[in-house]
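> sharing a model prediction with you, sequence too.
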Amino acid sequence: MTGCINGWTREQMAMRAARDIPDGSYVNLGIGIPELVAKFVPDGREFIYHTENGLLGMGPEPAPGEEDSELINAGKKAVTALPGASFFHHGDSFTMIRGGHIDVCVLGAMQISQHGDLANWSTGAKGAIPAVGGAMDLVAGVKTIFVISQHTTKNGAAKLVEKCSYPLTGKQVVTRIFSDLAIIDVTPEGFRVRELAPGIGFEEVCAKTDAPLLPLEET
Amino acid sequence: MINKVISSIASAVKDIPDGATVMIGGFGEAGSPTALIHGLIDQGAKELTVINNNTGNGEVGLAALIASGRVKKMICSYPRSSHSKVFPDLYRAGEIMLEIVPQGTLAERIRAGGAGIPAFYTATTVNTPLAEGKEIRRIDGRDYVLEYGLKADYALIKCEKADRLGNLIYNKTARNFNPIMCTAANITIVQARKIVDVGGLEPENVITPNIFVNRVVEVANPVIESDLVAEGISYP
């Protein structure tokens, strides 16, 4: 994706999100683009990764041939355990989540409302198989919820909306969105642009957002 | 003398009756007691209610149990798998019931069930469709949903090492739901990769104390479900 000048790539979105995670944070990364955050930890910072299937101190994927079917992440992909890691059962793992011990969770999204409501588990369509996993527990229990997502769906529909039409994962939970077009804060006044991606204008982001959008705050 | 070791899988699962509620450990294939599940398929019990995080892989293990038509209802958090169409097909055909439970609530319901706690309040699912019809209570300014503890007639468990008393240790992220399920079933049946002498497990390292375990079977070289799926094998 080098040479991309209009908007951010998946990696750049992940890098921007990583930049906003404080040193020493306990972090849970959702499946998909959020997983890339681990590749962009800023110099001088240390994060400890939690995966809800029972590992604190999760490391990167193993070298080919080194995979262990009993050492996986919540996306059921092979991972490694770093020095200082620990294994635990699901009761303890969600004590960490529900009990407010995880600092930051980065999730994907289907829709985010201007008040920070998140929908990311079901379209509610007839015949769809509902599958929630740990998403509702994470948004209810983790202190800071970031979303990394393309700004619109593959069909061009807005994901940032006034009110979610899909079933909610949680109400008023998202604080910041890292899209391919902009970084957007969820504030008491609604969505506010924090940073625009290269080659992207405020008007373009407004046109692709189905909710009022406040411009960059003058600092 | 106490000896919970059973010599065969068939005799370990022999008495599971039709209509039983069965907790099955594992998160995906990690920690899945696949040998015991295959034993349950061979045994033939039907109308089962199964509690597991997922619905199995390919056409082996839990997916094979579901495919055999023996499962009346699944209680799980994530009934999708990139390698299995068994559950979705039956669900769409209206041939299996589903109770969808968020993963942390599922874990806590099992933990509570095992700990003698009939119900608890949690913020998970508040303001979502999964809270509909459930009691909401405001505590210290925040809304919580009432959830009930879960118990089972049987639990099928996979561990790394066991002794004849039923002390267990696990392997890495294959631990997952297994220890809490051991506590929440009337009869806990374990497949262990290795059975060691009593005293062979360091007391500081025992994860499941033997009081929670009823039967142990050694399965020295358990199948890896993803290998079976890759080979296109279906059970039986």
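Sure thing, it's come through. Residues are numbered from 1 along each chain as shown, chains lettered A, B, ... in the order given.

> contact partners for A:Ser113?
Each residue near A:Ser113 by C-beta atoms under 8 Å, 6 or more residues apart in numbering or on different chains is listed here: A:Val161, A:Glu162, A:Lys163, A:Cys164, A:Ala211. Every residue, glycine included, has its C-beta placed from N, CA and C.

> torsion angles phi and psi at the second one?
Read that as A:Glu162. Backbone torsions for A:Glu162, taken as degrees, to the nearest 10, come to phi -70, psi -50.

> what about A:Ile97, which SS state?
helix (DSSP: H, G, I helix; E, B strand; the rest coil).

> residues in contact with it?
Neighbouring residues of A:Ile97 by C-beta under 8 Å, 6+ apart: A:Asn28, A:His50, A:Glu52, A:Gly134, A:Asp137, A:Leu138, A:Gly141, A:Val142, B:Gly104.

> can you do 7 Å?
A:Glu52, A:Asp137, A:Leu138, A:Gly141, A:Val142, B:Gly104 (C-beta atoms under 7 Å, 6 or more residues apart in numbering or on different chains).

> counting neighbours, what do you get for the first one?
Residue crowding around A:Glu52 was assessed by other C-beta atoms under 10 Å in any protein chain shown; the count is 25.

> ok, it - contacts?
If a contact means C-beta under 7 Å, 6+ apart, then A:Glu52 has A:Asn28, A:Ala74, A:Ser93, A:Phe94, A:Ile97, A:Gly134, B:Gln103 as its contacts.

> let me have the contacts of A:Ile97 in TSV, adding pLDDT, secondary structure and distance to B:Asp143 as columns.
TSV is the format used below for these (pLDDT from 0 to 100; DSSP: H, G, I helix; E, B strand; the rest coil; distance: C-beta to C-beta, whole Å):
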residue	pLDDT	secondary structure	distance to B:Asp143
A:Glu52	96	coil	23
A:Asp137	98	helix	15
A:Leu138	98	helix	18
A:Gly141	98	helix	14
A:Val142	98	coil	17
B:Gly104	98	helix	17
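
> and stretch A:22-37 with chain B, contact?
No: figure legend: stretch A:22-37 not in contact with chain B (C-beta under 7 Å from any C-beta of the partner chain); closest approach 10.7 Å.

> state the distance from the residue sitting furthest away from the middle of chain A to chain B.
Distance from the C-alpha centroid of chain A, by C-alpha atoms, centre = their mean, peaks at A:Gly65 (29.2 Å). A:Gly65 sits 14 Å away from chain B, going by C-beta to the nearest C-beta, to the nearest Å.

> okay, that residue: pLDDT?
On pLDDT, A:Gly65 comes in at 96.

> remind me which helix or strand it belongs to.
For A:Gly65, there is no helix or strand it lies in under DSSP states H and E.

> and it, its phi and psi?
phi 90, psi -10.

> again with B:Ile75
With angles defined as degrees, to the nearest 10, B:Ile75 sits at phi -110, psi 110.

> that one against B:Met97, yeah?
No: when contacts are counted by C-beta atoms under 7 Å, B:Ile75 is not listed as touching B:Met97 (9.1 Å).

> and the two? Which one has more around it.
Neighbour count, other C-beta under 10 Å: between B:Ile75 and B:Met97, B:Ile75 has more, with 22 against 12.

> quick one: contacts for the more buried one?
Taking C-beta under 7 Å, 6+ apart as the test, what B:Ile75 contacts is B:Thr49, B:Ile51, B:Glu99, B:Val101.

> buried ones among the residues you listed?
By neighbour count, with 16 or more other C-beta atoms under 10 Å in any protein chain shown, these hold B:Thr49, B:Ile51, B:Val101 as buried.

> B:Asp143 belongs to a helix?
No: secondary structure of B:Asp143 (three-state DSSP): strand, not part of a helix.

> look at the nearest residue to it once chain neighbours are set aside and give its secondary structure.
Once flanking residues are discounted, B:Asp143 sits nearest to B:Val126: 4.8 Å by C-beta to C-beta, 6 or more residues apart in numbering or on different chains. Secondary structure, three-state DSSP: B:Val126 is coil.

> give me the number of residues near B:Val126?
So B:Val126, with other C-beta under 10 Å, has 20 neighbours.

> for it, give me its contacts.
Going by C-beta under 7 Å, 6+ apart, B:Val126 touches A:Ala140, B:Ile136, B:Asp143, B:Tyr144, B:Val145.

> out of these, who's nearest A:Glu70?
Proximity of the contacts of B:Val126 to A:Glu70 (C-beta to C-beta) peaks at A:Ala140, which lies at 28.7 Å.

> helix, strand or coil: sort out the closest one for me.
Assigned state for A:Ala140: helix (three-state reduction, three-state DSSP).

> and if you look at the one 10 residues further on?
Following three-state DSSP, A:Gln150 is assigned to coil.

> which one is it nearest to, not counting chain neighbours?
Leaving aside its chain neighbours, A:Gln150 sits nearest to A:Asp180 (5.4 Å; criterion: C-beta to C-beta, 6+ apart).

> again, but for A:Val132
Take A:Val132 and drop its neighbours on the chain: the residue closest to it by C-beta to C-beta, 6+ apart is A:Trp121, 4.7 Å away.

> just want the residue of chain B that's nearest chain A.
Residue nearest to chain A within chain B: B:Gly104 (3.2 Å; C-beta to the nearest C-beta).

> what sits against that residue?
Taking C-beta under 7 Å, 6+ apart as the test, what B:Gly104 contacts is A:Phe94, A:Ile97, A:Arg98, A:Gly134, A:Asp137, B:Thr124.

> can you do 10 Å?
Each residue near B:Gly104 by C-beta atoms under 10 Å, 6 or more residues apart in numbering or on different chains is listed here: A:52, A:90-91, A:93-98, A:133-138, A:140-141, B:77, B:122, B:124.

> and A:Glu195, how far from B:Ala152?
Applying C-beta to C-beta, to the nearest Å, the value for A:Glu195 to B:Ala152 is 51 Å.

> the two: who's more crowded?
Shown here are A:Glu195 and B:Ala152; by other C-beta under 10 Å, B:Ala152 has more neighbours (24 against 13).

> in terms of distance to B:Val223, which of the contacts of B:Val126 ranks first?
Of all these, A:Ala140 has the smallest distance to B:Val223: 36.9 Å, by C-beta to C-beta.

> looks like the closest one contacts B:Tyr121 (just checking).
No: assessed by C-beta atoms under 10 Å, A:Ala140 is found out of contact with B:Tyr121, at 11.7 Å.
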